[in-house]
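>>> mind looking at a prediction? Sequence and model below.
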Amino acid sequence: MRKWWPLAAICLGTFMLLLDVTIVTVALPAMAADLGTTLSDLEWVVDVYALALASLLLGVGSRADRIGRKKVYLLGLIVFTAASVVCALAPNAGVLIGARAVQGMGAAGMFGTTIALLGMHYSGRERGVAFAVWGATNSVAAAAGPVVGGLLTQYLDWRWIFFVNLPVCLAAVVMTLRSVREAKGQGRQRADVLGVITFTVASGALTFGLIRAHSEGWAAPFTLGLFAVAAVALALFVVVETRHEHPVLDLSLFRRPSFTGIMISAMFLQGAAFAYLLFESLWMQSVLGYEPVEAGLYILPMCASAFVVSALAGRFGPWPPRASIGGGLALIALGSGMQATLDAGSSGSSLVAGLFVAGLGVGLVTPSLSAAALATVPPERGGMVGGAVNTFRQLGFALGIAVFGVIFQSRIESVLTADGSVPDPHEAAVALSGGQARSIVAGWPEGERADMAHLVREAFASGLNAVLVVAAVLGAVASLVVVATVRVPAGGAERQQPEAGASPRGHETPADAPL
């Protein structure tokens, strides 16, 4: 059994970093009350972590190929653990958001090396089992976040969602030191610092612009300025990557249809499957009045089905990635669509069946996605592609929350405007999307509160339905893209030998080479 200790060490760290992506969703109301801030301001507690994680993964994966994957993974664990303690002790929202950003940096060091470390330690049938277990860990961690967060927030305190990281991460450090081998990819090369900076600026400015757009307006100078910065930074990133000798992301890989399909599915997976959970949690707590545990438990079916399917994938796979990834995304689309039937009389139970189906899709996609991505390059470039696929996943989550926030608030405002009884629909929509539903109803004239409560429930349900429909469309489009482009065979992740035609720069096979 000693051969599985590296898998256990990697999965333990992966579980904690992915748990922290969604664990805060049900704790945001408690955080806002304790820290004396608005729930909308604390949207950054969710987004800044995912954004820091996504922005740095490319550079971390590429750098780990050169200085040592185990070393980078351990450093990430230590930074993640230390930042978790600061989050738990944060006296105000500013410190909490800043510590979450540092926590995301540490998580990038861990997540950017996991795929390459697994590929290095296991081969053949064992590699399939390792990726299935790792995939199940991914699926369960992301889906279990709201459940664990609800339990800790309600029965202890929201700060325990960060304190709990300390003992688990220390155990992961000890296990990594004892069982994981060190390995490097290519030799010493000039780091692509400018590529990392431009990508970080582009993704950060775009996400911030989307978040500000639904509160300040799309035509506001500051919003337009952020979008302009994002466009310029993205253009510079493309220029830098095409000219750098050892780029953090080899853009020539996007000439391969299979690689492009995998990256699209990675981005749309997180947005279509998880980004809407924040708004469902907000609906259940601020409108329906559920406690954090109750809100989290309604999301439990997604966690359970994802775990079961991921485990079965390891037992009976490998399956062709086109079938498992494309089919999984189709199930995610179906599950999201099944939830988009809410009205003013709906309860949390209206979400259960759709979340269960979406979890089936998550369990299918996650392990196959990582294995298919690793199959696209020889072993010495595993860190770069491992970082790329995880970057697109987390960037999809951060952008998904920002885009869904715009849709959510816009739909609420539309319903309030159509009703005509609310003096300032825009201001009311901002307050409602910030978790202030009960305070708005309480401030209404006593004889009209019942009507106002019904209107709030109707507006929230309409906003959530709109978000879920867009999530379903994203999943369906990604499924079609995968079916049309991905051609990696079952077990393709085992074919990781350098192929003929690799360029002197260390790039992979020509763009028209089969995957």
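Sure, I can see it. Numbers count the residues shown, from 1 in each chain.
>>> need the pLDDT of Gln496.
pLDDT recorded at Gln496 is 41.
>>> next: Asp41.
67.
>>> again, but for Ser310
So, for Ser310, pLDDT stands at 74.
>>> and it, how many neighbours?
When neighbours are defined as other C-beta atoms under 10 Å, Ser310 has 28 of them. Where you see a C-beta, it was placed from the backbone N, CA and C, and this is true even at glycine.
>>> now Arg411
For Arg411, the neighbour count with other C-beta under 10 Å is 21.
>>> report the secondary structure state of it.
Three-state call for Arg411 (DSSP: H, G, I helix; E, B strand; the rest coil): helix.
>>> OK, contacts around it?
Going by C-beta atoms under 8 Å, 6 or more residues apart in numbering, Arg411 touches Ala459, Ser462, Gly463, Asn465, Ala466, Val467.
>>> swap the cut-off to 7 Å and go again
Ser462, Gly463, Ala466 (C-beta atoms under 7 Å, 6 or more residues apart in numbering).
>>> and the spatially closest residue to Phe356 that is not a sequence neighbour, what does it touch?
Leaving aside its sequence neighbours, Phe356 sits nearest to Pro301 (C-beta to C-beta, 6 or more residues apart in numbering; 4.0 Å). Contact partners of Pro301, counting by C-beta under 7 Å, 6+ apart, are Val352, Leu355, Phe356, Gly359.
>>> quick check: Ala64 touching Gly112?
Yes - with contact defined as C-beta atoms under 7 Å, Ala64 reaches Gly112; the gap is 6.2 Å.
>>> what is the neighbour count of the residue nearest to Pro425 when sequence neighbours are not counted?
Take Pro425 and drop its neighbours on the chain: the residue closest to it by C-beta to C-beta, 6+ apart is Leu416, 3.9 Å away. Leu416 has 24 neighbours, counted by other C-beta under 10 Å.
>>> how about Gly209?
A count of nearby residues for Gly209, using other C-beta under 10 Å, gives 22.
>>> helix or strand for it, which one?
Applying DSSP states H and E as the criterion places Gly209 in helix 193-216.
>>> got it, and Val95?
Counting by DSSP H and E, the element that carries Val95 is helix 93-121.
>>> who are the packing partners of that helix?
Contacts defined by 3 or more C-beta pairs under 7 Å, 6 or more residues apart in numbering; DSSP states H and E place helix 93-121 against helix 5-22, helix 43-67, helix 69-89, helix 124-155, helix 352-374, helix 382-419.
>>> now the spatially closest residue to Ala398 that is not a sequence neighbour: how far from Gly289?
Spatially, and ignoring its direct neighbours in sequence, Ala398 is nearest to Ala50 (4.1 Å; C-beta to C-beta, 6+ apart). From Ala50 across to Gly289, the span is 28 Å (C-beta to C-beta, to the nearest Å).
>>> tell me which of the two has more neighbours.
Between Ala50 and Gly289, counted using other C-beta under 10 Å, the more crowded position is Ala50 (28 against 11).
>>> circling back: report the rounded mean pLDDT for the helix holding Gly209.
According to the model, helix 193-216 has a mean pLDDT of 78.
>>> which residues does it contact?
If you take C-beta under 7 Å, 6+ apart as the criterion, helix 193-216 is touched by 43, 47, 51, 54-56, 58-59, 222-223, 226-227, 229-230, 233-234, 236-237, 240-241, 244, 247-248, 395, 398-399, 402-403, 405-406, 409-410, 430.
>>> from these, list the buried ones, please.
43, 47, 51, 54-56, 58-59, 223, 226-227, 229-230, 233-234, 236-237, 240-241, 244, 247-248, 395, 398-399, 402-403, 405-406, 409-410, 430 (16 or more other C-beta atoms under 10 Å).
>>> ok now stretch 32-48, how far from the chain's centre?
18 Å (C-alpha atoms, centre = their mean, to the nearest Å).
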